[in-house]
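Chemist: only geometry, no sequence info:
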């Protein structure tokens, strides 16, 4: 009997979950729920139902896990606690500073309905958090480092698009290789944001726009660019779409630490990802966490969980015996 | 109230656990148990009790977790099931092919006494197994690769030492960089053992020994060297102890996989370790798993577990709130 998955929200993440569920033989897609007009959406999977988000409660009891594919800014803070009262849910809430509050809200919703909710599934938060937790547990005397990139930052690209005269833009976050090398070498450098990464912007501007002004507005934008070494290149819209249409990303999470009676031995633990499609990879993590949510619910658990609370084996389609025989 | 740790076996691993427990404020060392004459052992920690292994049962109820620091060949298959009947235990059993049988034996022992036993804690099996399980769950369509080295293989060093005319030896396992690069590049190569790693041997021979014969015996040794490109260098015993006295190791566990409706996007997940002291790092993992064993036991669980069965948060000294606020 396969795990019935609902997709709530059909943007890049939702489409990624649709692909990912098809790769997992123990799961099946039940329906897509959207706040748009369902008739306006053609799923990649022929015959898959597309329904209005307002009809979601008619699927109570018919869906094992609902995967929420909305954004962290406004969608998930509202949707996850509400839907956790009706379904087991998984989300990718990634506003690090607001995770404790989101956890509390979702926990209340999930417990009210006796469901399991897995929040902040993804790679950071998510897989990188796992590595940070394991590494800090193993090397209590040490330092953590995270480098993001090279990859597209959706938030920074959006910030550029809001500047007057900009038609479209892509921003790449690029790690500073010399800083990464110093960390790997066990030098334990103290690194500012500027020393860890640079920002490369590709911008298509309106004809006749004041390019100097646009470049200045980008480079001085507080929070987004002012604290970084930023380069701006103007390209045509055709070039932008042709050369920068993908959503690649990458990152490295490291911990360096020391052991021995007097810290005489040094160690470097490194976890890195290199992704052609950031949303599809994140979706694949959501899908694996949906399996875990289903199993936790079957085991009688309820409430909010993060990947830190879930036994790794629960994410795997393999049985404990298979895992021990083949992967351990 | 801190977690009381016993060390059973006082070789490299046992000494490493002793160092590691001192780095963890929520733990304390109760005693070392040895099969040697306790009077012959001077622990690194002043005042720490050293007792005969035969007295271990007098500590039932006085030790929260016993960390077993013996070898996988003959010690642990016997000791872990026996001691799991009396204590919560952790071991580093690393004979991959025999893990299912060891698991079953230890599970029976642990359940008979109502204790928790964590087996095969370390980095492979252990942290690398975790990465393999997470990565395969996230990218079900993909390939796994593990590269070991550069580092000292104790088993291969011992094999050389057994050759007539050899005084002492160190064997380094060295990954083939071009093979690693092909994997990272997403080429999904099919690699034989020979294509993945080479073996470098440093050998101190008896004066007048037949060096050609020794080199030939090493290079043709079945299982250990015959299937690899092996180099042998003869050095003096002084050189060997001076330049090759440490126990460094390293390794990389990778999974490459594809997502999308037709596998159009590729991803590389990589987990790597670079260790100055293989036994001290492994010991640090054993110590973190001892915390997890204690918490599982406090939660009323019993039986055999591997790191795949343990929620990551259980290994950490931090509370769930702290983890969510700082590491997630």
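Modeler: Yes, it's here. Bear in mind that the values here come from a model prediction, so they are computed numbers and not experimental data.
Chemist: what does the stretch 151-300 of chain A put close to chain B?
Modeler: A:184, A:259-261, A:264-277, A:280-281, A:283-285, A:288, A:291 (Cβ under 8 Å from any Cβ of the partner chain). To be clear about C-beta, it is placed using only N, CA and C from the backbone, and glycine gets the same treatment.
Chemist: Now, these that are in helices?
Modeler: A:184, A:280-281, A:283-285, A:288, A:291 (DSSP state H).
Chemist: coming back round to it: buried subset of the residues of the stretch 151-300 of chain A next to chain B?
Modeler: A:184, A:259-260, A:265-277, A:280-281, A:283-285, A:288, A:291 (16 or more other Cβ atoms under 10 Å in any protein chain shown).
Chemist: For residue A:159, grab the count of nearby residues.
Modeler: 19 (other Cβ atoms under 10 Å in any protein chain shown).
Chemist: Which residues does the strand or helix carrying it contact?
Modeler: Per DSSP states H and E, residue A:159 falls inside helix A:154-161. Applying Cβ atoms under 8 Å, 6 or more residues apart in numbering or on different chains, the contact partners of helix A:154-161 are A:166, A:168-171, A:173, A:199, A:201, A:203, A:218, A:221, A:224-225, A:247.
Chemist: Paired strands for whichever helix or strand comes after it, with orientation please.
Modeler: Using DSSP H and E, the helix or strand that follows helix A:154-161 in sequence is strand A:166-175. Note on strand A:166-175: by DSSP bridges, its sheet partners are strand A:151-152 (antiparallel), strand A:197-205 (antiparallel).
Chemist: what sits against the nearest residue to residue A:57 once chain neighbours are set aside?
Modeler: Spatially, and ignoring its direct neighbours in sequence, residue A:57 is nearest to residue A:86 (6.1 Å; Cβ to Cβ, 6 or more residues apart in numbering or on different chains). Listed by Cβ under 8 Å, 6+ apart, the contact partners of residue A:86 are A:56-57, A:60, A:113, A:115.
Chemist: any idea which element the residue of the stretch 101-250 of chain A found nearest chain B lies in?
Modeler: Residue nearest to chain B within the stretch 101-250 of chain A: residue A:137 (4.1 Å; Cβ to the nearest Cβ). Applying DSSP H and E as the criterion places residue A:137 in helix A:127-138.
Chemist: So for that helix, mean pLDDT?
Modeler: Per-residue pLDDT values across helix A:127-138 average out to 98.
Chemist: Strand A:197-205 and the next helix or strand after that helix, what's the angle between them?
Modeler: On the C-terminal side of helix A:127-138, the closest following helix or strand by DSSP H and E is strand A:142-148. Strand A:142-148 runs at 10 degrees relative to strand A:197-205, counting by axes from the mean of the first three to the mean of the last three Cα atoms, to 10 degrees.
Chemist: I'd like to know which elements strand A:142-148 is packed against.
Modeler: helix A:127-138, strand A:166-175, helix A:177-184, strand A:249-259 (3 or more Cβ pairs under 8 Å, 6 or more residues apart in numbering or on different chains; DSSP states H and E).
Chemist: let's go with 10 Å and repeat that
Modeler: helix A:127-138, strand A:166-175, helix A:177-184, helix A:193-196, strand A:249-259, strand A:265-275 (3 or more Cβ pairs under 10 Å, 6 or more residues apart in numbering or on different chains; DSSP states H and E).
Chemist: Setting the sequence-adjacent residues aside, check what's closest to residue A:65.
Modeler: residue A:290 (4.2 Å).
Chemist: now do residue A:55
Modeler: residue A:33 is the one closest to residue A:55 (Cβ to Cβ, 6+ apart), at 7.3 Å.
Chemist: same question, residue A:111
Modeler: Closest to residue A:111 by Cβ to Cβ, 6+ apart is residue A:303, at 5.0 Å.
Chemist: do you know how far the residue nearest the centre of chain A is from residue A:235?
Modeler: Closest residue to the average C-alpha location of chain A: residue A:122 at 3.8 Å, with Cα atoms, centre = their mean. From residue A:122 across to residue A:235, the span is 30 Å (Cβ to Cβ, to the nearest Å).
Chemist: if I look at the residue nearest to residue A:57, how far off is residue A:33?
Modeler: Taking Cβ to Cβ, one finds residue A:86 at 12 Å from residue A:33.
Chemist: so what sits against both of these two?
Modeler: Both residue A:86 and residue A:33 are contacted by A:56, A:59, A:63, A:66, under the criterion Cβ atoms under 10 Å, 6 or more residues apart in numbering or on different chains.
Chemist: Quick one: which of the residues you listed is the most crowded by neighbours?
Modeler: residue A:66 (30 neighbours).
Chemist: could you give the mean pLDDT of the helix or strand harbouring it?
Modeler: For residue A:66, the element it lies in under DSSP H and E is strand A:65-68. Per-region confidence: strand A:65-68 scores 98 on mean pLDDT.
Chemist: Distance from the chain centre to it, please.
Modeler: What separates the centre of strand A:65-68 from the centre of its chain is 15 Å, taken as Cα atoms, centre = their mean, to the nearest Å.
Chemist: Quick check: bridge partners of the residue lying closest to residue A:268 once chain neighbours are set aside?
Modeler: Among residues not flanking residue A:268 along the chain, residue B:274 sits closest, at 4.3 Å (Cβ to Cβ, 6+ apart). Beta-bridge pairing for residue B:274 (DSSP bridges): residue A:268, residue B:250.
Chemist: for residue B:274, what are its contacts?
Modeler: The contact partners of residue B:274, by Cβ under 10 Å, 6+ apart, come to A:184-186, A:256, A:266-270, B:150-151, B:248-252, B:281.
Chemist: what about residue A:76, how many residues close to it?
Modeler: 26.
Chemist: what helix or strand does it sit in?
Modeler: helix A:75-84.
Chemist: in that helix, what's buried?
Modeler: A:75-77, A:79-81, A:83-84.
Chemist: Check which helices and strands it sits against.
Modeler: strand A:3-8, strand A:65-68, strand A:88-90, helix A:99-113, strand A:116-118, strand A:303-305.
Chemist: Just put these in JSON lines and tack on distance to residue B:178.
Modeler: Output for the helices and strands packed on helix A:75-84, formatted as JSON lines (distance: least, Cβ to Cβ, whole Å):
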{"stretch": "strand A:3-8", "distance to residue B:178": "41"}
{"stretch": "strand A:65-68", "distance to residue B:178": "40"}
{"stretch": "strand A:88-90", "distance to residue B:178": "40"}
{"stretch": "helix A:99-113", "distance to residue B:178": "42"}
{"stretch": "strand A:116-118", "distance to residue B:178": "40"}
{"stretch": "strand A:303-305", "distance to residue B:178": "42"}
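Chemist: Report the distance from the helix holding residue A:76 to the chain centre.
Modeler: Distance, centroid of helix A:75-84 to centroid of chain: 17 Å (Cα atoms, centre = their mean).
Chemist: Same question for stretch A:110-122.
Modeler: Relative to the mean C-alpha coordinate of its chain, stretch A:110-122 is positioned 17 Å out (Cα atoms, centre = their mean).
Chemist: Report the buried residues of it.
Modeler: Buried residues in stretch A:110-122 (16+ other Cβ under 10 Å): A:110-111, A:113, A:115-122.
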